[in-house]
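Engineer: Provided below are the primary sequence and the corresponding predicted coordinates.
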Amino acid sequence: MMFPVGDSWTVAVIAGLFGLMLGSFLNVCTFRWPTDGSVVHPPSRCPACGASIRWFDNVPLLSYVILQGRCRSCGVFISPQYPLVELATGLIWAGAFWRLGFSPEAARGAVFLSILLGIAITDARFYIIPDQFSLGGVVVGLGMSFLPGGVTFVQAFLGALVGFGALWVVAKVGTWLFRKEAMGGGDLKMMGMVGAFLGVPGVLLTLFLGSLLGAAIFGPISWKTGKLVPFGIFLAAGAALTYGWGERLMAWYAVEFLGRTL
């Protein structure tokens, strides 16, 4: 079902508000899942003083502004990650439904991009991609493949296999060449999730874009400092670009470098 064009802003606003609430939950996931914590218990509390956060202090964005970024009980500054993730998730959902209308594909795209955001955050903070995002995302991607408008179940299943398998081969070759572990298992499972949402072509383009971004942005830092590359961040960025502009990028490449149209 698609809303008329005139209702697109209404749909986007409603989706954005839902995204804000989901972003609040996503914050909890990104802090607790990497340490094997529960997202249910204990309830949200101040990390400094341990005071429980009451519902009226837990309204996405608004509470942070009213409290000026401080805990009501102890006055300690609260990480700006909380409102930024809420805002980003709200924009993801609003953008998906504004662009695609009230449709199954809008929901599928918003869920996929939200998972990618969670992966990027946990890999940046902890160098960990929780199984809840990766393996859980595979299950969600396969389930949502039955919705109209996106990849089919067969395409999603093959994408998940190729996504995991391709990176497994790269990891084994890298480990053999450099005599040390070249890639974490989280990256492999993450690419299985990407494949479940994007299919095999999406996996290949994601790997290309993620590797390009990782080498250009973090490569020099890793070379000078020896720090591990949080590859999940760049794979997430590559997957987001692939989902949003993958067809256009491949069409541009075909025209500019192959001299033909797809």
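Structural biologist: Looks like it came in fine.
Engineer: From W252, how far out is A88?
Structural biologist: 27 Å (C-beta to C-beta, to the nearest Å). C-beta: built from backbone N, CA, C; applies to glycine.
Engineer: who has more neighbours, the two?
Structural biologist: A88 (18 against 12; other C-beta atoms under 10 Å).
Engineer: Just to check, that one is in contact with G118?
Structural biologist: No: assessed by C-beta atoms under 8 Å, A88 is found out of contact with G118, at 10.5 Å.
Engineer: Point out where the stretch 1-150 of the chain drops to low pLDDT.
Structural biologist: 1-6 (pLDDT under 70).
Engineer: Please, where are all the helices along it?
Structural biologist: 8-32, 62-66, 81-100, 104-126, 131-144 (DSSP state H, counting those that start in this stretch).
Engineer: what angle separates the helix of greatest length in the chain from helix 131-144?
Structural biologist: Longest helix of the chain, by residue count under DSSP state H: helix 185-213. Helix 185-213 and helix 131-144 are oriented at 80 degrees to each other (axes from the mean of the first three to the mean of the last three C-alpha atoms, to 10 degrees).
Engineer: okay, the angle between helix 185-213 and helix 104-126?
Structural biologist: Using the same axes, to 10 degrees: helix 185-213 against helix 104-126 is 100 degrees.
Engineer: which other helices and strands contact helix 185-213?
Structural biologist: helix 104-126, helix 131-144, helix 153-178, helix 231-253 (3 or more C-beta pairs under 8 Å, 6 or more residues apart in numbering; DSSP states H and E).
Engineer: What are the buried residues along that helix?
Structural biologist: Under the neighbour-count criterion of 16 or more other C-beta atoms under 10 Å, helix 185-213 has 186-207, 209-211, 213 buried.
Engineer: again with stretch 95-115
Structural biologist: 95-98, 100-103, 105-115.
Engineer: now swap in stretch 239-253 and tell me
Structural biologist: Quick answer for stretch 239-253 (16+ other C-beta under 10 Å): A239, A240, L241, T242, Y243, G246.
Engineer: how far away is the first one from A124?
Structural biologist: When C-beta to C-beta is applied, the distance between A239 and A124 equals 15 Å.
Engineer: Equivalent analysis for the fourth one, please.
Structural biologist: In this structure, T242 lies at 20 Å from A124, with C-beta to C-beta as the measure.
Engineer: Perfect, that will be all.
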